[in-house]
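Visitor: okay, here's the prediction I keep looking at, along with the sequence it came from:
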Amino acid sequence: MSVLGLACTQCQAEYPIGPMFDGCPDCSKKGNVGALSVAYDYDAIARSLDIESWSSHNHSIWRFQDVLPVKDPALQISLGESDTGLIRPRVVCEETGITNFYIKNETTNPTWAFKDRFHAVSISMAKSLGYTKVTASTTGNHGASAAAYSAAAGMESCVILCHPESSELQRNMIRMYGGHAFVLNDRFQYLDRLYSEYGYYPSTTMEPMPMGTPYGIEGYKTIAFEIYLQLGQQLPDHMFCPIAAGDSLYGPYKGFRELNKLSITDRLPVMHGVQPSGCNPYVLSYEVKSREVVVHPDPQSIALSIRDDTGGKPALQAIYDSEGDATDVTDEEIVQSVRLLARSGILVEPSSAASVAGAIKAAGEGRIRKDETIVCLVTGSAAKWPKVVETLVDRPALVEPTWETIKEEVGL
């Protein structure tokens, strides 16, 4: 069996696969928080791995099942996630002068966000562990995806606790998928009760706690596998990820690291975590080379999805291990990147554009070279944030204009 069990990302203590959502027990005894991650027998996998099978036309993450924790096809839940485009955004390439500047366009997943990879694995594990009820906390994308995959899995109940600023459209998506959406300021008190008192599976991030699942992150690492294949079995030099709890960086990093452990590659990309300057706990931690992620006292940003006041240690460690960095960008830089991507034909939410803003900033400061290959993770579509788009568009479409007005508008 290629899955060895769970291992603590902090102290390396090992545990069997199971419903462990409170972190590492050994670390907890010492007053620490240690996130758990799935461990594999990479030597055994390497002996039988046919990497060409990863290039199959099976449009789901389960084509990578050699290094995923659910082996029974009957338990592998999929809505056709993955196989997203690796695209050169024309205007961004022109602005930076970097020819090999790519975005990994996760907006084309079933619920228009990279969260679908997370829940494809997380909800599949819930089903394999015998759970029939799922809960999650969300700013929008995470909850909509959890509800969709809970519906696909036939879960009896799905309860999503929504941030007050979450998109009404996404709350309605949750309801359409059959989930229960509740808007709360303090979401974690009820998340904990649903998990500990009522037997709900917490489809949450790895860390920070009160509870975290080790399993969803396994879906995110398939982003790295796809990038490797799409670049002609090559790795990028740098990868920029918008980060909140940190899973969006640690997941791809774990995927790149597994390619190395399988002797497929001999290096890792440099990993860059990007946050808004109004909410930058990873940046504050990185600047003083701390191993802990601080708590930001007053989170402020247009980028709600990455406006968490703190984050998990695994992503910070991944930044250090890959010789990367944490950088912040202003809301103005984020909005400018939204516009540059839109002029390139890709419309993303502000949080997604933070990675591109971070790469543009790094290029301007000479931290990346124009001959290097850059990949920016773009996590979610602006289509789910209609009110935000309304604030960013220069002006609304003209209604019943005269021909003279049309000519003036177009410049004829």
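Guide: Yep, it's here.

Visitor: and for His119, the neighbour number?
Guide: Number of residues near His119 (other CB atoms under 10 Å) recorded here: 33. Every C-beta, even on glycine, is put in place using the N, C-alpha and C of the backbone.

Visitor: which residues are in contact with Ser351?
Guide: Taking CB atoms under 8 Å, 6 or more residues apart in numbering as the contact definition, Ser351 lies against 242, 244, 303-306, 379-380.

Visitor: try 10 Å
Guide: With contacts taken as CB atoms under 10 Å, 6 or more residues apart in numbering, Ser351 has the following neighbours: 139-141, 242-244, 248, 274-276, 301-307, 334, 338, 378-380, 385.

Visitor: before we move on, what about Phe64?
Guide: Contacts here follow CB under 10 Å, 6+ apart; on that basis Phe64 touches 53-54, 58, 82, 218-219, 221-222, 224-226, 255, 258.

Visitor: check those residues and tell me the two furthest apart.
Guide: Pairwise distances across the contacts of Phe64 (CB to CB) peak at 19.3 Å, for the pair Asn58 and Glu258.

Visitor: list the ones among the contacts of Phe64 that fall in helices.
Guide: Cross-referencing the contacts of Phe64 against helices under DSSP state H gives 218-219, 222, 224-226, 255, 258.

Visitor: how about the residue nearest the centre of the chain: what's its closest non-neighbour residue?
Guide: The central residue of the chain, meaning the one whose C-alpha is nearest the mean C-alpha position (CA atoms, centre = their mean), is Ser248 at 3.4 Å. Taking CB to CB, 6 or more residues apart in numbering as the measure, Ser248 lies nearest to Cys241, with 5.0 Å between them; neighbours along the chain are not counted.

Visitor: would you mark the buried spots in the helix or strand hosting that neighbour?
Guide: Using DSSP states H and E, the secondary-structure element containing Cys241 is strand 238-242. When burial is assessed from 16 or more other CB atoms under 10 Å, strand 238-242 yields the following buried residues: 238-242.

Visitor: so what strands line up beside that strand?
Guide: With DSSP bridges as the criterion, the sheet partners recorded for strand 238-242 are strand 270-276 (parallel), strand 374-378 (parallel).

Visitor: in the shortest one, what's buried?
Guide: Of the residues in strand 374-378, those scored as buried under the neighbour-count criterion (16+ other CB under 10 Å) are 374-378.

Visitor: export those as CSV, with columns for distance to Gly31 and pLDDT.
Guide: Rendered in CSV, the data for the buried residues of strand 374-378 read as follows (distance: CB to CB, whole Å; pLDDT from 0 to 100):
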residue, distance to Gly31, pLDDT
Ile374, 40, 98
Val375, 38, 98
Cys376, 37, 98
Leu377, 33, 98
Val378, 38, 98
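
Visitor: what's the most distant pair in the residues you listed?
Guide: Ile374 and Val378 (12.6 Å).

Visitor: so which residues of the stretch 101-250 of the chain form strands?
Guide: Listed in chain order, the strands found in the stretch 101-250 of the chain under DSSP state E, counting those that start in this stretch are 101-105, 133-138, 157-162, 180-183, 201-202, 238-242.

Visitor: by mean pLDDT, point me to the weakest helix or strand of the chain.
Guide: For the chain, counting by mean pLDDT, DSSP states H and E, helix 25-29 ranks last in confidence among helices and strands (a mean of 89).

Visitor: what's the closest of the strands of the stretch 101-250 of the chain to Arg63?
Guide: For Arg63, the closest of these is strand 101-105, at 16.9 Å, according to CB to CB.

Visitor: pull the number of nearby residues for the nearest residue to Asn105 once chain neighbours are set aside.
Guide: For Asn105, ignoring the flanking residues on the chain, the nearest one in space by CB to CB, 6+ apart is Gly85 at 4.5 Å. For Gly85, the tally of surrounding residues (other CB under 10 Å) stands at 15.

Visitor: for Gly219, give me the pLDDT.
Guide: Per-residue pLDDT puts Gly219 at 98.

Visitor: you'd agree it is up against His119?
Guide: Yes - the pair formed by Gly219 and His119 meets the contact definition of CB atoms under 10 Å, at 7.2 Å.

Visitor: give me the common contacts of these two.
Guide: Common neighbours of Gly219 and His119 (CB under 10 Å, 6+ apart) are Glu81.

Visitor: so Thr327: helix, strand or coil?
Guide: For Thr327, the reduced secondary structure class is strand; criterion used: DSSP: H, G, I helix; E, B strand; the rest coil.

Visitor: and the gap between it and Tyr220?
Guide: From Thr327 across to Tyr220, the span is 20 Å (CB to CB, to the nearest Å).

Visitor: more crowded one of those two?
Guide: In this comparison of Thr327 against Tyr220, neighbours counted by other CB under 10 Å, the higher total goes to Tyr220 at 27 against 23.

Visitor: I'd like to know how far Leu235 sits from Thr135.
Guide: Counting by CB to CB, the gap from Leu235 to Thr135 is 37 Å.

Visitor: of those two, who's got more company?
Guide: Here Leu235 and Thr135 are set side by side on neighbour count (other CB under 10 Å), and the busier one is Thr135, at 28 against 20.

Visitor: beta-bridge partners for the more buried one, please?
Guide: In this structure, Thr135 bridges to Val159, Pro202 when assessed by DSSP bridges.

Visitor: Ala39: helix or strand, and which one exactly?
Guide: Secondary-structure assignment from DSSP H and E places Ala39 in strand 36-40.

Visitor: partners of that strand in the sheet?
Guide: strand 3-8 (antiparallel).
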